[in-house]
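1. need coordinates for the following:
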Amino acid sequence: MGINFGVRSVATVRPDDESFEALFTAEYGRVAGIANRVLADPHEAEDVAQEVFIDFHRLHSATAQYAPAWLHRAAAHAALNRLRSSRRRLKREVAQATDKTEESDRTVDPQKLFEMSEDRRELREALARLAPKPAAVLVLRASGLSYAEVAQALGVGIGQVGTLLRRAEAALRKEVIRGTSI
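-> The predicted model follows:
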């Protein structure tokens, strides 16, 4: 069955489309949340989430058991890749700084706001310098995923997550210190 639009015929909803829609509905919030945790920009996080779902739909079946884990890991990596892009990062930070300063001039001390945004910027830059796996474990865990979900997303045993997390935190601390001493 299809709808006729002149020369071409467009098929109606297929079972695979329904499965993908169910997967999208179930996982979109978490995927966008993971990306937003890295980017601190809800609009850009939504772009990342959409790209991740498009890539998944193009490459995999929506009924695959690994779908949530794949989506979570891909969201973390895609967001980190965006963070590593200095041109986009600079544009985003300038826009955010301008908006936040205008909104908070009346309510928050500008010096305190600057210090908070500077700390976050330094943390994000240090995160971007980490290797992909430690950065991903930090992002996934900070996004609210359980140890089991992090393990599944990264393809490691659940018993390894705590160790990976501690090592990643130590590496991040070193990067923050290294970045502030330059």
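2. right, and the helix or strand after the helix ranked longest in the chain?
-> Secondary structure of the chain per DSSP state H: the longest helix is helix 15-39. Under the assignment DSSP states H and E, the closest C-terminal helix or strand after helix 15-39 is helix 42-59.
3. for the longest helix of the chain, buried residues please.
-> Within helix 15-39, the residues scored as buried using 16 or more other CB atoms under 10 Å are 20, 23-24, 27-28, 30-39. Every residue, glycine included, has its C-beta placed from N, CA and C.
4. same thing with stretch 58-70?
-> Those would be 62, 67-70, for stretch 58-70 by 16+ other CB under 10 Å.
5. pick the one among those closest to A151.
-> Nearest to A151 out of these is A69 (CB to CB; 8.8 Å).
6. measure that closest one to R84 for me?
-> Look at A69 and R84: by CB to CB, to the nearest Å, they are 23 Å apart.
7. for the chain, what spans make up the helices?
-> Under DSSP H, the chain gives helices at 15-39, 42-59, 67-84, 86-104, 110-129, 132-142, 147-154, 158-180.
8. turn those helices into a markdown table, columns for mean pLDDT.
-> Output for the helices of the chain, formatted as a markdown table (pLDDT from 0 to 100):
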| stretch | mean pLDDT |
| --- | --- |
| helix 15-39 | 91 |
| helix 42-59 | 94 |
| helix 67-84 | 92 |
| helix 86-104 | 61 |
| helix 110-129 | 79 |
| helix 132-142 | 91 |
| helix 147-154 | 92 |
| helix 158-180 | 89 |
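9. contact partners for the residue lying closest to R30 once chain neighbours are set aside?
-> Among residues not flanking R30 along the chain, H72 sits closest, at 6.8 Å (CB to CB, 6 or more residues apart in numbering). Counting by CB atoms under 8 Å, 6 or more residues apart in numbering, H72 touches 27, 30-31, 34, 140, 145, 149, 153.
10. now do G33
-> Counting by CB under 8 Å, 6+ apart, G33 makes contact with 45, 143-144.
11. return the set of buried residues in stretch 70-85.
-> Residues of stretch 70-85 classed as buried by neighbour count (16+ other CB under 10 Å): 70-80, 82-83.
12. repeat that for stretch 138-151.
-> 138-141, 143, 145, 147, 149-151.
13. now swap in stretch 118-130 and tell me
-> Here stretch 118-130 shows 121, 124-130 as buried, counting by 16+ other CB under 10 Å.
14. got the CA positions of stretch 71-87 in PDB?
-> Taking Å, rounded to 0.1, in the frame of the first residue of the first chain, the C-alpha atoms of stretch 71-87 are listed here in PDB:
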ATOM      1  CA  LEU A  71      23.400   5.100  21.100                       C
ATOM      2  CA  HIS A  72      24.800   6.100  24.500                       C
ATOM      3  CA  ARG A  73      28.400   5.500  23.500                       C
ATOM      4  CA  ALA A  74      27.900   7.200  20.100                       C
ATOM      5  CA  ALA A  75      26.300  10.200  21.900                       C
ATOM      6  CA  ALA A  76      29.300  10.500  24.200                       C
ATOM      7  CA  HIS A  77      31.800  10.200  21.300                       C
ATOM      8  CA  ALA A  78      29.900  12.600  19.000                       C
ATOM      9  CA  ALA A  79      29.600  15.200  21.700                       C
ATOM     10  CA  LEU A  80      33.300  14.900  22.600                       C
ATOM     11  CA  ASN A  81      34.200  15.300  18.900                       C
ATOM     12  CA  ARG A  82      32.200  18.500  18.800                       C
ATOM     13  CA  LEU A  83      33.800  19.700  21.900                       C
ATOM     14  CA  ARG A  84      37.200  19.100  20.400                       C
ATOM     15  CA  SER A  85      36.400  21.300  17.500                       C
ATOM     16  CA  SER A  86      37.900  24.600  18.600                       C
ATOM     17  CA  ARG A  87      36.000  26.700  16.000                       C
END
